[in-house]
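*Asks:* Show me how the following folds:
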Amino acid sequence: MNYISKGFVLSIIISAASPAFSSIGHLPLDSLQSKESNHYVVTLSGGPAWSNNRHTQIINLEPDLVKAYVGRKKTSTLGNGEFFIGVQRALNFRFDGQLGIAFSASSDVRLKGDVWDDADPEFNNFKYKYSIYNTRAAVKTKLLLTDISFFQPYLSGSIGISYNHARSFSLTPKISTQLTPPGFNSHREPSFAYTLGTGVQKVIDTNWRVGLGYEFADWGRGKLSPTLEQTVGTGLQVNNIYIHQLQFSLSYIA
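*Replies:* Alright, predicted model coming up:
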């Protein structure tokens, strides 16, 4: 290859590489700084959440006494908050990763339904209600796309242990002359839980971020204890409590 050809090829390579090098100057400040070392990150997040956990269960309260608890399809609105502390590290010039511990708590998920004596819809004599609130601790991770100057999309996920506190069970007769039987008792149930989320965060300055996202959570199982008079069977329970949450977040990176 002669010198003219070599010079022509070299000029093409330099021309092609120039935009890639020049784009580094347009990376967000936090993206460039995050490549130097690990950074501690603290995030407070919270927002409204929704649950629609319709569930039907047939329970033997006595050997010859059976009832069906038929859940109503009704959306319950609640609040949820989370505290996250962890480390943020650059994976490359495009992505950062976070890993840490998340602690969260919620207000009550309200569950309602009808009680069929003898598991027969013809004997729909009572309605029931109770609530479940949640506390949990989890290992949480987040993957951020950091080479966009005005916002940073992310994906998140967590696995951990959930404590579902079922309480305040009550029965209301639909016929005024009907005697109300004893109700189920409160119970705290530990369970495996996980979350999956996505959203965007906005860089305010070198240290502060604000974010908006969606998160799906499975809190696991929640259940009530049997009644004091119950000799067989279990309490009313929900095997999987599903939550859909809108998350607003504020993060500090040191």
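*Asks:* The residue most central in space within the chain and residue 167: what is the separation?
*Replies:* The centroid of the chain falls nearest to residue 217 when counting by Cα atoms, centre = their mean (3.3 Å). Going from residue 217 to residue 167 by Cβ to Cβ, to the nearest Å gives 20 Å. Every C-beta, even on glycine, is put in place using the N, C-alpha and C of the backbone.
*Asks:* Over to residue 112?
*Replies:* 14 Å.
*Asks:* Repeat that for residue 174.
*Replies:* Separation of residue 174 from residue 167 (Cβ to Cβ) stands at 23 Å.
*Asks:* between those two, who's got more neighbours?
*Replies:* More crowded of residue 174 and residue 167, by other Cβ atoms under 10 Å: residue 167, with 16 against 11.
*Asks:* was I right about that one contacting residue 111?
*Replies:* No - checked against Cβ atoms under 8 Å, the pair residue 167 and residue 111 is beyond contact range at 11.2 Å.
*Asks:* anything in contact with each of those two?
*Replies:* Counting by Cβ atoms under 8 Å, 6 or more residues apart in numbering, the contacts common to residue 167 and residue 111 are 130-132.
*Asks:* Please indicate which of those residues has the highest neighbour count?
*Replies:* In the shared contacts of residue 167 and residue 111, the most neighbours by other Cβ under 10 Å go to residue 132, 29 neighbours.
*Asks:* That one: what's it in contact with?
*Replies:* 108-109, 111, 164-167, 222, 238, 241.
*Asks:* How about residue 208, nearest residue that isn't a chain neighbour?
*Replies:* Nearest residue to residue 208, sequence neighbours excluded (Cβ to Cβ, 6 or more residues apart in numbering): residue 252, at 6.2 Å.
*Asks:* Could you say which helix or strand holds that neighbour?
*Replies:* Taking DSSP states H and E as the definition, residue 252 sits inside strand 242-253.
*Asks:* Output the contacting helices and strands for that strand.
*Replies:* strand 39-51, strand 76-90, strand 187-203, strand 208-218 (3 or more Cβ pairs under 8 Å, 6 or more residues apart in numbering; DSSP states H and E).
*Asks:* Can you say which of those strands is nearest to residue 234?
*Replies:* Residue 234 lies closest, by Cβ to Cβ, to one member of the helices and strands packed on strand 242-253: strand 187-203, at 10.2 Å.
*Asks:* got the angle between that closest one and strand 242-253?
*Replies:* Counting by axes from the mean of the first three to the mean of the last three Cα atoms, to 10 degrees, strand 187-203 lies at 50 degrees to strand 242-253.
*Asks:* so residue 129 touches residue 170, yeah?
*Replies:* Yes - Residue 129 is in contact with residue 170 according to Cβ under 8 Å; the separation is 5.8 Å.
*Asks:* so where is the chain shaky, pLDDT-wise?
*Replies:* In the prediction, the chain carries residues with pLDDT under 70 at positions 1-36.
*Asks:* Report the buried residues of stretch 64-83.
*Replies:* Neighbour-count burial for stretch 64-83 flags 66-71, 76, 78, 80, 82 (criterion: 16 or more other Cβ atoms under 10 Å).
*Asks:* Same check on stretch 241-248?
*Replies:* Quick answer for stretch 241-248 (16+ other Cβ under 10 Å): 241, 243, 245, 247.
*Asks:* before we move on, what about stretch 37-54?
*Replies:* For stretch 37-54, using 16+ other Cβ under 10 Å, the buried residues are 39, 41, 43, 45-47, 49, 51, 53.
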